[in-house]
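A.B. asks: Provided below for reference: sequence and predicted model.
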Amino acid sequence: MKQLRNNIIRAGFDALYFTGAHHVLRPILAGVGTIFMLHHVRPARDSLFQPNRHLEITPEFLREVLVHVRALSIDIVSVDEAYRRMTARDFSRRFACFTFDDGYRDNRDHALPVMQDFDAPFTVYVASDFADGRGRLWWVALERLIAAVDTLDVELDGIATRIDARGTDAKQDAFNRMLNWLQGLPSDMHVQHAVSSLCARHGVDDSGIARELCMSWDELKPFANHALVTIGAHTISHCNLANETEHEASREMRVSRERVEAELQKPALHFAYPYGYKTAATAREFAIAHKLGFKTAVTTRPGMIFPENADHLTALPRISLNGNYQSTRFLSVLTSGAATAVWNGFRRVDAA
């Protein structure tokens, strides 16, 4: 099903590109700005089983993106400058922001050198438990677990189940099946417990993944002092806020900001909702972010920035630089706004 969805998206990109429709639609649909969303930037991996591939791009593709954006005469700005332009209604020039979620070490090791070459500012949203080294990147653990086994013994909704995981296709099917089940659990605490229990049962250590992949506070301190870098907050535990009580959601957002500011001695005025899709970042979370005083908060809802978004600064859309679509022609369609306009039914703002 996921592969079918990817094929449909690719076909849509190709249709917009090869008909030239994206060129015609760009002046209408590109809006006044773009907030790009990234996670990992690192060299390509050889493994055929990479269910989280959508969360990473190569340094070479990041460079292509920056060249493309500059060729369109778009200003690459910090999130603070984007906030200034939106609140001042200064839309004389189009802008682009680059944002990275979670605080991965490769943002420093592979993304920063490329961004420096273009003198391009960017923002990294840090989940404080990841920086502490005690957070659980359960989606990475699930990938490693399924990569390591031929069969997966799991209890799904009270039923003992054995899932085949021999071969790339079977592993991908197993990952998708487990992901669908996990996303139906009541909270991220349940998800993390389920994945950790499975890892323990099958001899896979998931306890050190955050320390392996994410920057510690000691690493973040010099990184945050770089002139191009802004650090934002991304909750304490990287939980789905919409599944939490209002009190707990507010605490996750507030304390994550406090911890970033205390550790780095810098204000953390911008926020990214974990997962960030429509059922993970809702009107309640947008209101909490506003009440807590965040200048901006970004979702994963796809969309360009239009002047109307200035009235919804804690519900901003982003454009995902997705590892499954690392193509210059797809990039041209994305930055035209045509693909997201079709996705959104040509609504300019989706903040409900």
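C.D. replies: Structure received.

A.B. asks: For the rest of this, base every contact and every neighbour count on C-alpha atoms.
C.D. replies: OK.

A.B. asks: Would you mark the buried spots in the biggest helix by length in the chain?
C.D. replies: The longest helix of the chain (DSSP state H) is helix 246-264. Under the neighbour-count criterion of 16 or more other Cα atoms under 10 Å, helix 246-264 has 249-254, 256-261, 264 buried.

A.B. asks: Would you pull up how far that helix lies from the middle of the chain?
C.D. replies: Relative to its chain's centre, helix 246-264 lies at 19 Å (Cα atoms, centre = their mean, to the nearest Å).

A.B. asks: returning to that earlier point: and the buried residues of helix 246-264 as a markdown table, adding distance to Arg177 and pLDDT?
C.D. replies: Shown next, in a markdown table, are the buried residues of helix 246-264 (distance: Cα to Cα, whole Å; pLDDT from 0 to 100):
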| residue | distance to Arg177 | pLDDT |
| --- | --- | --- |
| Ala249 | 28 | 98 |
| Ser250 | 32 | 98 |
| Arg251 | 32 | 98 |
| Glu252 | 29 | 98 |
| Met253 | 30 | 98 |
| Arg254 | 34 | 98 |
| Ser256 | 32 | 98 |
| Arg257 | 35 | 98 |
| Glu258 | 37 | 98 |
| Arg259 | 36 | 98 |
| Val260 | 35 | 98 |
| Glu261 | 39 | 98 |
| Leu264 | 40 | 98 |
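
A.B. asks: what's the farthest-apart pair in those?
C.D. replies: Ala249 and Leu264 (22.8 Å; Cα to Cα).

A.B. asks: residue ranges of the strands in the chain, please?
C.D. replies: 33-38, 40-41, 56-57, 75-76, 95-102, 122-126, 151-156, 159-164, 229-233, 270-272, 296-302, 316-320 (DSSP state E).

A.B. asks: and the direction of the last one versus that of strand 95-102, what angle?
C.D. replies: Computed with axes from the mean of the first three to the mean of the last three Cα atoms, to 10 degrees, the direction of strand 316-320 lies at 80 degrees from that of strand 95-102.

A.B. asks: tell me which residues in strand 316-320 are buried?
C.D. replies: For strand 316-320, the neighbour count (16+ other Cα under 10 Å) marks Leu316, Pro317, Arg318, Ile319, Ser320 as buried.

A.B. asks: Could you tell me which strands it is paired with, and in which direction each runs?
C.D. replies: With DSSP bridges as the test, strand 316-320 is paired with strand 33-38 (parallel), strand 296-302 (parallel).

A.B. asks: Kindly reformat these as CSV containing distance to Ile236 and mean neighbour count.
C.D. replies: Listed next are the strands paired with strand 316-320 as CSV, based on distance: least, Cα to Cα, whole Å; neighbours: other Cα atoms under 10 Å:
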stretch, distance to Ile236, mean neighbour count
strand 33-38, 19, 24
strand 296-302, 15, 23
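
A.B. asks: now the ones you listed in JSON lines, with mean pLDDT and distance to Val342?
C.D. replies: What follows is those, written out as JSON lines (pLDDT from 0 to 100; distance: least, Cα to Cα, whole Å):
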{"stretch": "strand 33-38", "mean pLDDT": "98", "distance to Val342": "16"}
{"stretch": "strand 296-302", "mean pLDDT": "98", "distance to Val342": "10"}
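
A.B. asks: picking up where we left off before, and of the strands of the chain, who's closest to Ala339?
C.D. replies: Ala339 lies closest to strand 296-302 among those, at 9.2 Å (Cα to Cα).

A.B. asks: Could you check how far that closest one is from the centre of its chain?
C.D. replies: Distance, centroid of strand 296-302 to centroid of chain: 9 Å (Cα atoms, centre = their mean).

A.B. asks: Equivalent analysis for stretch 110-123, please.
C.D. replies: 18 Å.

A.B. asks: Between the two ends of that stretch, how far is it?
C.D. replies: When the termini of stretch 110-123 are compared using Cα to Cα, to the nearest Å, they are 15 Å apart.

A.B. asks: Report the two of the buried residues of strand 316-320 separated the most.
C.D. replies: Farthest pair in the buried residues of strand 316-320, by Cα to Cα: Leu316 and Ser320, 12.9 Å.

A.B. asks: one step back: export the buried residues of helix 246-264 to TSV and tack on distance to Trp343?
C.D. replies: Below are the buried residues of helix 246-264 laid out as TSV (distance: Cα to Cα, whole Å):
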residue	distance to Trp343
Ala249	29
Ser250	30
Arg251	33
Glu252	31
Met253	29
Arg254	32
Ser256	32
Arg257	32
Glu258	36
Arg259	37
Val260	35
Glu261	37
Leu264	39
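
A.B. asks: burial of the nearest residue to His290 once chain neighbours are set aside, as a residue count?
C.D. replies: Nearest non-adjacent residue to His290, counting by Cα to Cα, 6 or more residues apart in numbering: Thr314, 6.3 Å away. For Thr314, the neighbour count with other Cα atoms under 10 Å is 27.

A.B. asks: In contact with Thr314, which residues are there?
C.D. replies: Going by Cα atoms under 8 Å, 6 or more residues apart in numbering, Thr314 touches Phe286, Ala287, Ala289, His290, Phe294, Lys295, Thr296, Ala297, Val298.
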